[in-house]
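Asks: have a look; sequence and predicted model below, questions after that.
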Amino acid sequence: IEITVRDTGLGMTEKQMTNLFHPRITASFKGTAGEKGAGLGLSLCKRFVEINQGKIDVSSKEGVGTTFKVLLPSAQESHEAHAEHYSSAEAKLV
């Protein structure tokens, strides 16, 4: 399953994208409307996506906007991966 979120806001530099998913409690960045953020939201999003065996990527260009892409396995793929993991774990115990 692919989810894409795209905006036409301020965009980001390469350095901003590099540190984007790392939690920052003291950092504050202004958004398009001057709003402030603590920098925790995207690190939480990344963690939730990874817990569900997915991936999250970002691409951006300053002055043009940013695109986030989330890839998640379907429920069937996820079920099959869990079943495979548990059957191989049981085989190691025997």
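Replies: Yep, that arrived.

Asks: quick one, helices of the protein?
Replies: 14-18, 41-51, 75-93 (DSSP state H).

Asks: if I look at residue 14, how far off is residue 80?
Replies: 37 Å (C-beta to C-beta, to the nearest Å). From N, CA and C alone the C-beta is placed, and that goes for glycine too.

Asks: more crowded one of these two?
Replies: Each of residue 14 and residue 80 has its neighbours counted (other C-beta atoms under 10 Å); residue 80 has more, 12 against 8.

Asks: shaky segments in the protein?
Replies: 24-39, 77-79, 81-82, 85-94 (pLDDT under 70).

Asks: for residue 70, name its beta-bridge partners.
Replies: Under DSSP bridges, the beta-bridge partners of residue 70 are residue 3, residue 56.

Asks: my guess is it contacts residue 53, does it?
Replies: No. Contact criterion C-beta atoms under 8 Å: residue 70 and residue 53 do not qualify, at 11.8 Å.

Asks: more neighbours: which of these two?
Replies: residue 70 (18 against 13).

Asks: and the gap between residue 20 and residue 55?
Replies: Relative to residue 55, and taking C-beta to C-beta, residue 20 is found at 14 Å.

Asks: who's more crowded, the two?
Replies: Shown here are residue 20 and residue 55; by other C-beta under 10 Å, residue 20 has more neighbours (18 against 12).

Asks: correct me, but that one touches residue 12?
Replies: Yes. Using C-beta under 8 Å, residue 20 makes contact with residue 12 at a distance of 7.2 Å.

Asks: mind listing what residue 8 touches?
Replies: The neighbourhood of residue 8, defined by C-beta atoms under 8 Å, 6 or more residues apart in numbering, consists of 64-65.

Asks: intersection of neighbour lists for residue 20 and residue 12?
Replies: By C-beta under 8 Å, 6+ apart, the residues touching both residue 20 and residue 12 are residue 58.

Asks: list the buried residues of stretch 46-54.
Replies: 46, 49, 54 (16 or more other C-beta atoms under 10 Å).
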